[in-house]
Every structure is written in C-alpha cells, then in structure tokens.
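give me the fold of what follows.
(one chain, ligands or ions: 1)
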Amino acid sequence: MKTKIFYFSTTGNSLALARNIANELGETELISIPKVIGGEVDLNVSRLGFVFPVYAWGLPNMVVEFLKGLDLKSQPYIFAVATCGGTPGRTLLQLRGILRKSGADLQAGFVTKEGSNSVAEAPGFIKFVESISGQPYGSGRDRLYEINKIIRSGKEHRPETSSLPANFVGGLLHKMSSLAADSIKAFDKNYLVDDKCTMCRTCERVCPMANIRVDGGKPVWNHNCGGCNACIQWCPQQAIHIKNETCRYHHPDIKASDLMLR
Ligand SMILES: Cc1cc2nc3c(=O)[nH]c(=O)nc-3n(C[C@H](O)[C@H](O)[C@H](O)COP(=O)(O)O)c2cc1C
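Numbers count the residues shown, from 1 in each chain. Okay, here's the model as predicted:
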C-alpha cells in the first residue's frame, strides 16, 4: 500500500518522526513541504500523511498555505501527527477543518511531545496555557508502535488536542498571531550576527521561507520571516543570536544537511 508523508520541520523533531513512521509502514515517500509548495503535487496514493510542528497552538502558516493548494477530494485515508512541546491546543481540529473544506477529512490525528526547541525563556502567557493544557502526550519514539498500528489498520482516531480551556485560549491566541502575520514577517529584526560568522550559508540553506541571503557578507534577513529560529538553531558557529536566548536545540538524529532546502 503506497503512502506519501508530507512534512514540515525546522529542528528535526517532525522529520525524525516522519522517517520512523515511513520505515515502519514501508513503501512510503517522504516529501518536504517547503521544497514542493507552489508546484504540482501527485496525490495518487492509498494513504496520505502530514507531519509538522505546532506553532502558536496551531498549524504553521506554510502548512496552511500548502494544504490550500491541494486537491484532496478523492483521498481515501489521511493521517497527521503534530509534534510539539506539550501544548498542541486545537491544531489538529484546525487541520481537520481545512481538510473538510476541501472535501476530505482527517481519519486519524496524533500529537507527540518532543524536545523543546525554544531559544528563549517563554513569556508568562505561554506558561499559563501550558499550565492548563492537561496531561501531556508521549513522545513520537514512545508512541510509534501505537500510531503505526492505527495507521496500518486504517482505523479512525479522533484528533488529539489539549484540554478544553487550553484549546479555547490557545485558539484565540493562534487567531491573533495569524492576524499579526505581517509583524511576524519582521521578527527577523530581532536577530543579531556576531564575528564568529564564517559565511558558511547554513542559515540561508535551512530557512524554510528562503528569507536569508549571504552574498559575500554576513547573513541578511529580508523580512519574510516565519519566526521558526532555524537560522539560530543550526548555525554551526552559534554566531546568530536573539535577545534573552537560553539554549539551542535540534533533534539528535537529524543533521542540518537533512533539512537543507537549497
Ligand atoms: C514559532 C514556534 C512556535 C511554537 N509554538 C508551540 C506551541 O504553541 N505549543 C507547543 O507545544 N510547542 C510549540 N512550539 C514547539 C514545537 O512545536 C516543537 O518543538 C516541535 O516538535 C518542533 O518540530 P520540528 O523540530 O520538526 O520543527 C513552537 C516552536 C516554534 C519555533
């Protein structure tokens, strides 16, 4: 049975999980969303999967744009896994809504809690939503067997979410962040480069928005930022900074070259 999994991943959690699911299912093609967005996508498969991170209690904008461009009407079985730091909110309900609008449905939706990729101390409102999120889900590694068993059997699995109060607050905050999309594009004004930069172009090549150019000098951000911080996380010299930064993270099984888009 042929499966295609479309993934979006900036620090590797979603890619690592998508790879593990693909290995277990067999006959599965893994496709990077930023690589194919805007182009022709062949959906002639028996099973279709989406694996992506939760961004601000909802879908990353790029995943929404990608989904809107697909003709999903004749898809027999669609599953999704949202990887997150523990507060998914109603991300998978948002996905199901988009799929239903295009005549499809979400047959099975899972959430996994992975290593946190936050680069700075979380502000109070994020900690508040975390505190009301409810019991966290297990990691993709721990849930792989269970997730694959359901997908393989073609069973339905109701989209997983946070608690009702966290879904409500997170849903509102996600809508507000979507309305503020233009100010998020300018998020890159917060990035600073120090003298350790060797112009290796890793930041340019991993940026899912193609928002960075290193033309004979240090990186220049062009204010079409997605706020994912991939440039900070993957800089081999740790030369890119943001105010109040705390740490850097990437999934231990994933290398920068696995996520390079150009
Ligand atoms: C911009 C941004 C927003 C995020 N928002 C949330 C969130 O609302 N809830 C949550 O639990 N995790 C959130 N996270 C954490 C990621 O969802 C989590 O680390 C995810 O596994 C990263 O996947 P990736 O490594 O495939 O990019 C956020 C991360 C980023 C960069």
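
ok, K73 to F6 distance?
Look at K73 and F6: by Cβ to Cβ, to the nearest Å, they are 17 Å apart. The C-beta positions use only the backbone N, C-alpha and C, and glycine is treated the same way.

looking at the two, which is more packed in?
When K73 and F6 are compared for neighbours, F6 comes out ahead with 25 against 9, by other Cβ atoms under 10 Å.

whichever strand or helix holds the more buried one: what's the following helix or strand?
F6 belongs to strand 3-7 when elements are defined using DSSP states H and E. Going down the chain from strand 3-7, the next helix or strand is helix 13-25, by DSSP H and E.

and that next one, does that touch the ligand?
Yes: Helix 13-25 is in contact with the ligand by Cβ under 6 Å from any ligand atom, via 13-15.

save those residues as TSV, and put in distance to G154 and pLDDT too.
Formatted as TSV, these follow (distance: Cβ to Cβ, whole Å; pLDDT from 0 to 100):
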residue	distance to G154	pLDDT
N13	26	98
S14	23	98
L15	25	98
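
from those residues, which single one is nearest A80?
S14 (10.7 Å; Cβ to Cβ).

give the rounded mean pLDDT of the longest helix out of those in the chain.
Longest helix in the chain by number of residues (criterion: DSSP state H): helix 164-179. Mean pLDDT, computed over helix 164-179, is 95.

helices or strands next to it in the packing?
helix 124-131 (3 or more Cβ pairs under 8 Å, 6 or more residues apart in numbering; DSSP states H and E).

quick check: angle from the helix it packs on to helix 164-179?
Here helix 124-131 runs at an angle of 140 degrees relative to helix 164-179 (axes from the mean of the first three to the mean of the last three Cα atoms, to 10 degrees).

for helix 124-131, buried residues please.
126, 129-130 (16 or more other Cβ atoms under 10 Å).

got those as JSON lines, with pLDDT and distance to L48 columns?
Listed next are the buried residues of helix 124-131 as JSON lines, based on pLDDT from 0 to 100; distance: Cβ to Cβ, whole Å:
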{"residue": "I126", "pLDDT": "93", "distance to L48": "32"}
{"residue": "V129", "pLDDT": "95", "distance to L48": "30"}
{"residue": "E130", "pLDDT": "94", "distance to L48": "31"}
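
which of those residues sits closest to R201?
I126 (31.8 Å).

if you drop the residues flanking it in sequence, what lies closest to the closest one?
T87 (7.9 Å; Cβ to Cβ, 6 or more residues apart in numbering).

pLDDT score for that neighbour?
96.

what residues of stretch 74-86 count as buried?
Judged by neighbour count using 16+ other Cβ under 10 Å, the buried positions of stretch 74-86 are 75, 77-86.

close to the ligand, is it?
Yes: against the ligand, stretch 74-86 shows contacts by Cβ under 6 Å from any ligand atom at 83-86.

so which bits of stretch 21-30 are buried?
Buried residues in stretch 21-30, counted by 16+ other Cβ under 10 Å: 21-22, 25, 28, 30.

taking those residues together, which two end up most distant?
Largest separation among those by Cβ to Cβ: L25 and L30, giving 10.8 Å.

residues contacting the nearest residue to G226 once chain neighbours are set aside?
Ranked by Cβ to Cβ, 6+ apart and with sequence neighbours excluded, the top spatial neighbour of G226 is M209, at 4.8 Å. Taking Cβ atoms under 8 Å, 6 or more residues apart in numbering as the criterion, M209 is in contact with 34, 62, 224-226.

report the buried members of these.
With neighbours counted using 16+ other Cβ under 10 Å, these contain these buried positions: 34, 62, 225-226.

filter these down to the ones near the ligand?
Okay, of these, nothing touches the ligand (Cβ under 6 Å from any ligand atom).

can you tell me which of these are in helices?
Secondary structure from DSSP H places 34, 62 of the buried ones among the contacts of M209 in helices.
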